[in-house]
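Student: Here is the input, now give the coordinates:
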Amino acid sequence: MSFEEKAFAPQRKSKKRSKKNRPYYYVHKKRPLQTKDEELRQSMAKKLAEMPKSERLKPEDVPDSVYDIPCVMTEFKVPSLAERKERRKDFELNVRAAFLKHLAKTKFNELRAAGITLKQIKGMRHGYTPNGFNTHHMVPIHGGGTNDFSNLVLIRRIPYHDDLHNKVINPQIRGIKEGESVMIKIPKTDKGVFVPHERFLPIQREAQRLAVEKKRQKIKEKQLKERAERQKKQKGKTLLSLIKQKREYWK
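Tutor: Just a heads-up that it's a prediction; the model follows:
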């Protein structure tokens, strides 16, 4: 192509988005307390309370550290439902965002070491949680834990956060009801950000792969269910139209 042809050729528009219009991906945005989330927590608390105490994991059977986080003997006492709701509401509306802003200002190197991108750190300065991470109460609100920054840690959800609850804390509090108290081992750290050792990364990758597969399977099952329902409705409509046609024929 000659210089003149290049000069007068129609210019292609760039498909690149401007930085302003690029979407920011996050898990928790500053938002009102979700009723659905609260219902899920209450159902989980009810499920734990209904489990037999004989199935509890004994503190002596819990290792001294989980993912290199020391496990410390701590009192787990269930406050009233009203108190738990109020503390959770304050966390959702105020504390989480304030904690994330604090980390973005004071723990830059730790955040990068934990796998959080520069863009996500920028989002944290506005109170957004990085995608795939949770702000974890080391002593859960359900066990009397406060919203103090000293009781909070930013941690990757899969597998670390899920394992702390499902494999360490919850098995020790089976059968616990409102007002009851028990001494259990709880993983505690004063780092503010959990940075996993490189030896845990293969476990992390495998857990994330399984989580993606499980999610895809759920989506597939949902799609198949919806398709079956549509086919059933269509079949019903076809049958109804045939009945109407027969009625009109015999009139």
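
Student: what's residue 158 in contact with, if anything?
Tutor: 132, 204, 207, 208, 211 (Cβ atoms under 8 Å, 6 or more residues apart in numbering). Placement of C-beta: from N, CA and C, glycine included.

Student: Of those, just say which sits nearest to residue 59.
Tutor: Taking Cβ to Cβ as the measure, residue 59 lies nearest residue 207 of these, at 25.2 Å.

Student: Quick check: residue 196 vs residue 164, distance?
Tutor: Going from residue 196 to residue 164 by Cβ to Cβ, to the nearest Å gives 12 Å.

Student: out of the two, which sits in the busier spot?
Tutor: For residue 196 and residue 164, the more surrounded residue by other Cβ atoms under 10 Å is residue 164, and the numbers stand at 24 against 19.

Student: measure that one to residue 177 for me?
Tutor: 22 Å.

Student: Quick one: the strands in the stretch 101-250 of the chain, in order.
Tutor: Listed in chain order, the strands of the stretch 101-250 of the chain (DSSP state E, counting those that start in this stretch) span 133-137, 152-156, 181-187.

Student: Those: which one's closest to residue 242?
Tutor: Taking the strands of the stretch 101-250 of the chain one by one with Cβ to Cβ, strand 133-137 is closest: 54.7 Å.

Student: Only C-alpha atoms, please: export the closest one in PDB.
Tutor: Output of strand 133-137 as PDB, limited to C-alpha atoms (Å, rounded to 0.1, in the frame of the first residue of the first chain):
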ATOM      1  CA  PHE A 133     -10.900 -13.700  48.900                       C
ATOM      2  CA  ASN A 134     -12.900 -13.400  52.200                       C
ATOM      3  CA  THR A 135     -12.500 -11.200  55.200                       C
ATOM      4  CA  HIS A 136     -12.400 -13.900  57.900                       C
ATOM      5  CA  HIS A 137     -13.400 -13.500  61.600                       C
END
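
Student: Adjacent strands (with direction) for that strand?
Tutor: strand 152-156 (antiparallel) (DSSP bridges).

Student: So what's the model's average confidence on the partner strand?
Tutor: Averaged over strand 152-156, pLDDT sits at 97.

Student: Show me where the protein dips below the pLDDT cut-off.
Tutor: Scanning the chain for pLDDT under 70 picks out 1-35, 246, 249-251.

Student: those helices in it, which residues are they?
Tutor: Secondary structure of the chain (DSSP state H): helices located at 3-8, 35-50, 81-90, 96-106, 108-113, 118-124, 162-163, 201-250.

Student: Determine the number of other residues adjacent to residue 79.
Tutor: Other residues near residue 79 number 17, with proximity taken as other Cβ under 10 Å.

Student: Let me see the contact set for it.
Tutor: 87, 144, 178 are the contacts of residue 79 under Cβ under 8 Å, 6+ apart.

Student: For those residues, pick the one with the most neighbours.
Tutor: Neighbour max across those (other Cβ under 10 Å) = residue 87, 19 neighbours.
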